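Enquirer: let's see this in three dimensions:
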Amino acid sequence: MGRPDIELFKELDPEALQKKFLNSLIKIQNVGRGSIWIKKKDTYVCVEAAGAESENIKGVVLDAAHPSIVGWVIENRQMTIAETKSDRRHYREVEDAFAVKSSQILCFPLFLGENEVYGAVQIIDTTPGKTQLNLDKEYLEPLQNLVDICSIALSNAILYSTEKQKALHLKSTLSRMQKESLIIGQSESFQKSMALVKSYADTDFHVLITGESGTGKELVAERLHKRSARREKPFLAQNCSAIPETLLESELFGYKKGAFTGATRDRAGLFEAADGGTVFLDEIGDMPMSTQAGLLRVLQKNEIKPLGETKARLIDVRIVAATNKDIKKMIAENSFRQDLYYRLSVLPVHLPPLRERREDIPLLIKHFLETESFKANTKEKKVVPNAMQHLVAYHWPGNIRELENLIRYLMVTTPEDYIQAGNLPPHIREQSSITDASYATSGFLDPQSNNEFMVDLTGQTWPGLEKTYVHSLLKKYNWNITWAAKASGINRSTFASRMRKLSIKRTPPM
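Expert: Residues are numbered from 1 along each chain as shown. Sure thing, here's the model as predicted:
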């Protein structure tokens, strides 16, 4: 028996290794057929076959309850030799239609490590006189050793492939999560807004989102679309302040060839292109009065009239508008149509600024650090407690967008694995005094709590950090849940619910 090809053991692709393994055994024994079987739940599946009739064997599934040589070897964990005409274990029905049938089968178990058997390999003599298989003891023992070694190599390749697939799936999931732009927050005010968004998604009414710049209005609009019945149709966005007044109307409603100088062909507008889907109009407060009239026509009659067109066209779109301006004040100043406002704001939702949801800041920082480190393929940086104090206390005029850009800046400018207070821009350190009243009542890190919360955040999980925070608040207020809930900025029932979820109970005194 010759020395096996050393390249066989370097192969990490299970399918390629199976082929090489099986063909090597067939060549060594000089037989006409071979097959590899893997146990899957209550069946045995042929994952590889070579030789005569191999195309009819690969993919065959045997019921574990039916007698078979493969099943006997796997369940008894030992090699066997079978005469196919007389052995009751032989699953004859598999070969009923074969022109070339088995006469003698040598079958070895495939071990995963030392104990677990995950499959079997068959070496099959197809000659009528059973003249090909070498069954001498001195020949079978080294063959058994070769099979054992190859079976371990194959199991390692399978495990490697499985882990590789898991890694690819995880990478794909993370990539998809980045693209989907997760909306993160657990503060009471933010959760109330998200509850409205969830209920609005099930309807087809128009929505008006208000909130300061950088609070995530477009992300909310995307969520409304993705959770609506229009999710399979287009979601198209237009910033009304990012385009000159003279072009905005043609962008939204389209135009006919020759409608104006440069109109050399017909062009569909945003509303027509999004037919059946959702149109997101950001900064609706900057829309000129002349364009507002055309938008009102869309809302009232579900129709558009492209520039230069004589007839109106019916469309079906849901409009989600957003603004950071005081629309009611604009109505009083005659800079925004009142009838358009009432049409747009059938379902209103307000997104609170970041300074009003400070307990969400650590969650957002963690998310952005994970996201940016994933994009850059670098180790995720951590924020030390002193730096986190400044970040939570800062007033964030640019809201979430400002926070996200800051994390990108820190990822590049901080050479160490830990982001210190000294790494923060001066304006954040200067404007985020830890004695600031809004910070002291933010419910995250109270500087007057005898350093009760000055723990190493980087050494804890988020549930662990929350549990430490809740437990410390209760201790500070002598386990008065009402006072602790008030200090945390959430209502008592929500606080009590979090206690139950975190399995926090007062331990009776000894």
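Enquirer: just checking, what packs against the one helix or strand Val220 maps to?
Expert: Using DSSP states H and E, Val220 falls within helix 217-226. Helix 217-226 is packed against helix 188-201, strand 207-210, strand 235-239, strand 278-282, strand 318-323, with contacts defined by 3 or more Cβ pairs under 8 Å, 6 or more residues apart in numbering; DSSP states H and E. C-betas here are computed from N, CA, C, even on glycine.
Enquirer: can you rerun that using 10 Å?
Expert: When contacts are defined as 3 or more Cβ pairs under 10 Å, 6 or more residues apart in numbering; DSSP states H and E, helix 217-226 packs onto helix 137-180, helix 188-201, strand 207-210, strand 235-239, strand 278-282, strand 318-323, strand 347-350.
Enquirer: in its sheet, what does the last one sit against?
Expert: To tie it back to what came earlier, the one meant is strand 347-350. strand 207-210 (parallel) (DSSP bridges).
Enquirer: list of residues touching the partner strand?
Expert: Around strand 207-210, the neighbours that count as contacts under Cβ atoms under 10 Å, 6 or more residues apart in numbering are 193, 196-197, 200-201, 215-218, 220-221, 224, 278, 280-282, 284-285, 318-327, 341-351.
Enquirer: tell me which of the helices and strands packed on helix 217-226 lies nearest to Pro463.
Expert: Evaluated over these, closeness to Pro463 peaks at helix 188-201, with 17.6 Å, by Cβ to Cβ.
Enquirer: give the buried residues for the closest one.
Expert: Ser189, Phe190, Ser193, Met194, Leu196, Val197, Tyr200, Ala201 (16 or more other Cβ atoms under 10 Å).
Enquirer: which strands and helices lie in contact with that helix?
Expert: By 3+ Cβ pairs under 10 Å, 6+ apart, helix 188-201 packs against strand 207-210, helix 217-226, strand 347-350.
Enquirer: report the rounded mean pLDDT for it.
Expert: Across helix 188-201, the average pLDDT comes to 93.
Enquirer: how far off centre is stretch 491-510?
Expert: On the basis of Cα atoms, centre = their mean, to the nearest Å, stretch 491-510 sits 31 Å off its chain's mean C-alpha point.
Enquirer: sorry, back to before: possible to save the helices and strands packed on helix 217-226 as TSV with distance to Gly262?
Expert: TSV is the format used below for those (distance: least, Cβ to Cβ, whole Å):
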stretch	distance to Gly262
helix 137-180	35
helix 188-201	40
strand 207-210	34
strand 235-239	20
strand 278-282	24
strand 318-323	28
strand 347-350	39
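Enquirer: before we move on, the earlier item: of all the helices and strands packed on helix 188-201, which lies closest to Trp396?
Expert: Proximity of the helices and strands packed on helix 188-201 to Trp396 was assessed by Cβ to Cβ; the nearest stretch is helix 217-226, lying at 15.7 Å.
Enquirer: lowest average pLDDT across the helices and strands packed on helix 217-226?
Expert: Mean pLDDT is lowest for helix 137-180 out of those, coming in at a mean of 69.
Enquirer: can you give me the strands for the stretch 351-500 of the chain?
Expert: Taking DSSP state E, counting those that start in this stretch to define them, one finds strands in the stretch 351-500 of the chain at 382-383, 418-419.
Enquirer: quickly compare these and say which is most buried.
Expert: Of all those, strand 382-383 has the most neighbours on average by mean count of other Cβ atoms under 10 Å, namely a mean of 22.
Enquirer: of the contacts of strand 207-210, buried ones?
Expert: 193, 196-197, 200-201, 215-218, 220-221, 224, 278, 280-282, 284-285, 318-324, 327, 341, 343-345, 347, 349, 351.
Enquirer: what distance do you get for the spatially most distant residue from the centre of the chain to Gln104?
Expert: Here the chain reaches farthest from its C-alpha mean at Gly129, the gap being 59.5 Å by Cα atoms, centre = their mean. Distance, Gly129 to Gln104, using Cβ to Cβ, to the nearest Å: 10 Å.
Enquirer: from Asp282, how far out is the spatially closest residue to Gly129 that is not a sequence neighbour?
Expert: The shortest distance from Gly129 to any non-neighbouring residue, by Cβ to Cβ, 6 or more residues apart in numbering, is to Ser103 (7.6 Å). Using Cβ to Cβ, Ser103 is found at 77 Å from Asp282.
Enquirer: same question, Lys379
Expert: 36 Å.
Enquirer: what's the answer for Gln122, then?
Expert: 66 Å.
Enquirer: which stretches of the stretch 401-510 of the chain have low pLDDT?
Expert: The stretch 401-510 of the chain contains residues with pLDDT under 70 at 432-460, 507-510.
Enquirer: mind redoing it with 80?
Expert: 431-465, 468, 472, 475-478, 505-510 (pLDDT under 80).
Enquirer: ditto for the stretch 251-400 of the chain
Expert: Regions of the stretch 251-400 of the chain meeting the criterion pLDDT under 80 cover residues 259, 262-263.
Enquirer: what about the helices in it?
Expert: 270-273, 289-301, 327-332, 338-344, 361-376, 385-393, 399-413 (DSSP state H, counting those that start in this stretch).
Enquirer: burial measure for Glu283, as a count.
Expert: By other Cβ atoms under 10 Å, the residues close to Glu283 number 18.
Enquirer: likewise for the one 3 residues further on?
Expert: The criterion is other Cβ under 10 Å. On that basis, Asp286 has 19 neighbouring residues.
Enquirer: ok, now the one 3 residues further on?
Expert: The number of residues packed around Met289, counting by other Cβ under 10 Å, is 12.
Enquirer: got a list of what it touches?
Expert: Contacts for Met289 (Cβ under 10 Å, 6+ apart) come out as Glu245, Asn334, Ser335, Phe336, Arg337, Leu340.
Enquirer: can you redo those as TSV with distance to Trp462 and neighbour count?
Expert: Output for the contacts of Met289, formatted as TSV (distance: Cβ to Cβ, whole Å; neighbours: other Cβ atoms under 10 Å):
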residue	distance to Trp462	neighbour count
Glu245	47	13
Asn334	49	9
Ser335	45	15
Phe336	42	23
Arg337	46	19
Leu340	43	21
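Enquirer: what's the closest of those to Ser86?
Expert: Nearest to Ser86 among those, with distances taken as Cβ to Cβ, is Leu340, at 89.6 Å.
Enquirer: isn't the closest one up against Leu295?
Expert: Yes - using Cβ atoms under 10 Å, Leu340 makes contact with Leu295 at a distance of 6.4 Å.
Enquirer: between these two, what contacts are shared?
Expert: Common contacts of Leu340 and Leu295 (Cβ under 10 Å, 6+ apart): Ile284, Met287, Ala321.
Enquirer: how about Ile81: what's its closest non-neighbour residue?
Expert: Spatial nearest neighbour of Ile81, excluding adjacent residues (Cβ to Cβ, 6+ apart): Leu106 at 5.6 Å.
Enquirer: cool, Ser241 as well?
Expert: Leaving aside its sequence neighbours, Ser241 sits nearest to Asp286 (Cβ to Cβ, 6+ apart; 3.8 Å).
Enquirer: kindly report the same for Ala97.
Expert: Asn56 (7.3 Å).
Enquirer: around that neighbour, how many other residues sit close by?
Expert: 16.
Enquirer: same question, Thr203
Expert: By the measure other Cβ under 10 Å, the count of residues near Thr203 is 14.
Enquirer: what's near enough to touch it?
Expert: Contacts of Thr203 (Cβ under 10 Å, 6+ apart): Leu224, Ser228, Ala229, Arg318, Val346, Leu347.
Enquirer: reduced to three states, what does it come out as?
Expert: For Thr203, the secondary-structure state derived from DSSP: H, G, I helix; E, B strand; the rest coil is coil.
Enquirer: still on that earlier bit, what separation do you get for the residue nearest to Ser241 and Ser102?
Expert: 80 Å.
Enquirer: ok, Lys301 touching Ala312?
Expert: Yes - counting by Cβ under 10 Å, Lys301 does reach Ala312; the two are 7.6 Å apart.
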